[in-house]
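Chemist: sequence unavailable; structure follows:
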DNA sequence: TTAGGGTTAG
């Protein structure tokens, strides 16, 4: 990565925004490279002065104690020593394979293993396989790992518990939870590590329910859990946002005498943060006997995610050192909470501070912030992208996502081809973004091709997000039967998002029976999803099932389910203006409503008839004001934009929910009648309105 | 004299 080029990026997107605090330009922990290389020389000199094994062991112990043994520098040194051994024995080969497996360059581990198969007279043994499998896990190299698994079976080592436990971890890490579970089930005498491996991979593979089920099974089998088990269980609680169970786990840890340690405390901290209880996190944080960078970063994340940026910046300042993860937490939380300008401001601060150096995550979030700012800034995103020398898979994927959000499906596909040309292997995120691009641009055949090739050609097992995207692609294009078949064939249980994609398609294509089926599945999985009741209510209303509509309305009231209110914001003359549905609070509301009346008149002249099918019967009747236009927040924002911005300025609106069909039509007409460019970002994507057309080609 | 599982940001 080249800093001077990134500086260019910083200047081209310098945002005029004030953050709660501007960090110090220099980070307290700048690594001094000169010092480091002189220490390398000293250690090597010490090793070379050794005349017997005892002395060598002493140096080794010292290196382990200070942690410098894991400095990549010494692996190269070890390799040089290894290369001078005329006939290394199996033990020596294993040592080198192990060193590479947990190094920054695990692929070397695989290469050494292959060299060993030809260059060593002995066969790989029960020690070799766990190291090689670990390297394959690090690399997410599903095909390589499978081959190694096969070799282990052929060498009659297929039932070794260490090898099986590594394999559970390996398959899980590669996304094949099904296979991970099968290996686990076949493990003859499961020990605590077997259980930990399977619980951990399910927790990390977005299957927290299964992870917790496995934990219960483990208890039933009377296997005593340890601290590592609890880390996995806490991670599952965090993902489920199940604070109550998380608290129970904390009690369980105390009652069962499981030793607290730094990692376990960090996992508890993370659980509290993910469950939204920053207060409990802070109490633990204050009483933790030992804290590391992860503890600080988790706490920082807690405050940032809850929008408490003052406290977040205070934590940031108090941290012993601000590594790139800490910066990334700030950038990503600003970016994800719809504050792309603040995100870019933090990126600028980072650039000014010179250290730490931005990594792939920084660029991903910065690119996302650029794309959030609209079409003009997508060009900036391209500049950021082009200025980065080391593009990892996430940077490429972020760029694909940027194009996907703007409905530029072909551009997304082009970027993907270039990524393959650059020899960067796509991962699960790449395919999610790619499928999303296909969905937004109506590229059905391409979507199908990617979906069915991702596993055989690239070793990426389709996850629930990929299924949801594929169902969406098929549903939107009217291939409802195929979408249903796909859901039925899923190897993993469909989530609410998968059924939601089908439901959306049903709404458009009018298949009410199927919609009811999808709804009942979704209600089981996500009973407090307000949007779902709205959709279901619409479906009942369309089929004239008024009794069901009123029953549903009562249910929603009884359950106390609140909907997310539609809210649009627009920036004009340096400040942000927010509008809610039928809002009367804006100081210029009189002008805005008279502008809307004028718009309504002009739209009527060109034959526009409000499309009331998008009105949400009964459930949203309070939103229905007696106006010529249905006053969704985006219309208010656009009207305000017409009044306040000069004709040459694009009207940029951000909406928290999905844009409705009527607002979409109105925006198209306004862009033509008033000769304005309108950029509307909704929950999922961008719409660029110009000359009466939208960039999404009415396909969203 | 070698072994497997763990927490933060996409």
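Modeler: Now that the structure is in, tell me what you want to look at. Note that the coordinates shown come from a computational prediction; the quantities given were computed from them, not determined experimentally. Numbers count the residues shown, from 1 in each chain, chains lettered A, B, ... in the order given.
Chemist: tell me the phi and psi of the residue of the stretch 451-600 of chain A found nearest DNA strand B?
Modeler: The shortest separation between the stretch 451-600 of chain A and DNA strand B is 12.2 Å, found at residue A:465 (distances taken as CB to the nearest atom of the strand). For the C-beta atoms, the positions are set from N, CA and C on the backbone; glycine is no exception. With angles defined as degrees, to the nearest 10, residue A:465 shows backbone torsions of phi -70, psi -40.
Chemist: show me what contacts it?
Modeler: Listed by CB atoms under 8 Å, 6 or more residues apart in numbering, the contact partners of residue A:465 are A:428, A:432, A:497.
Chemist: which one among those gets closest to residue A:255?
Modeler: Ranking the contacts of residue A:465 by separation from residue A:255, with CB to CB as the measure, puts residue A:497 on top at 36.7 Å.
Chemist: so the closest one, which state does it fall into?
Modeler: With DSSP: H, G, I helix; E, B strand; the rest coil as the basis, residue A:497 sits in helix.
Chemist: now it: how far from residue A:472?
Modeler: Here residue A:497 is placed at a distance of 9 Å from residue A:472 (CB to CB, to the nearest Å).
Chemist: out of these two, which sits in the busier spot?
Modeler: With neighbours defined as other CB atoms under 10 Å, residue A:497 and residue A:472 compare such that residue A:472 has more, 24 against 17.
Chemist: where's the residue most central in space within chain A relative to residue A:398, distance?
Modeler: Taking CA atoms, centre = their mean as the criterion, residue A:429 is the residue nearest the geometric centre of chain A, at 7.7 Å. Here residue A:429 is placed at a distance of 9 Å from residue A:398 (CB to CB).
Chemist: residue A:51: how many residues sit nearby?
Modeler: A total of 7 residues lie near residue A:51 under the criterion other CB under 10 Å.
Chemist: for it, helix, strand, or coil?
Modeler: Recorded secondary structure, residue A:51: coil (three-state DSSP).
Chemist: quick one, phi psi at it?
Modeler: Its backbone dihedrals place residue A:51 at phi -110, psi -10, with angles given as degrees, to the nearest 10.
Chemist: quick one: low-confidence parts of the stretch 501-650 of chain A?
Modeler: Applying pLDDT under 70 to the stretch 501-650 of chain A flags the ranges A:507-510, A:563, A:574, A:611-630.
Chemist: got the residues of it near DNA strand B?
Modeler: Within the stretch 501-650 of chain A, no position is near DNA strand B by CB under 7 Å from any atom of the strand.
Chemist: mind listing the helices for the stretch 501-650 of chain A?
Modeler: Assigned by DSSP state H, counting those that start in this stretch, the stretch 501-650 of chain A shows helices spanning A:512-525, A:530-542, A:546-559, A:589-605, A:633-644.
Chemist: for stretch A:328-347, buried residues please.
Modeler: By neighbour count with 16 or more other CB atoms under 10 Å, stretch A:328-347 contains the buried residues A:328-336, A:339-347.
Chemist: what about it, near DNA strand B?
Modeler: Yes. Part of stretch A:328-347 sits close enough to DNA strand B to count as contact by CB under 7 Å from any atom of the strand, namely A:328-329, A:332, A:336.
Chemist: ok, now stretch A:407-419?
Modeler: No. Contact check for stretch A:407-419 against DNA strand B, using CB under 7 Å from any atom of the strand: none in range, with a minimum separation of 13.5 Å.
Chemist: just name the shakiest helix or strand of chain A by mean pLDDT.
Modeler: Across the helices and strands of chain A, mean confidence by mean pLDDT, DSSP states H and E is lowest for helix A:3-12: a mean of 30.
Chemist: ok, residue A:694 to residue A:680 distance?
Modeler: Counting by CB to CB, the gap from residue A:694 to residue A:680 is 9 Å.
Chemist: more crowded one of those two?
Modeler: Legend: neighbour count by other CB under 10 Å for residue A:694 and residue A:680, higher for residue A:680 (26 against 22).
Chemist: so what touches stretch A:242-249?
Modeler: Contacts of stretch A:242-249 from elsewhere in the structure, counted by CB under 8 Å, 6+ apart, are A:212, A:230, A:233-234, A:237-238, A:268, A:271-272, A:275-277.
Chemist: cool, stretch A:209-223 as well?
Modeler: Taking CB under 8 Å, 6+ apart as the criterion, the residues outside stretch A:209-223 that touch it are A:177, A:190-192, A:195, A:198-200, A:202-203, A:225, A:229, A:232-233, A:235-237, A:240, A:245.
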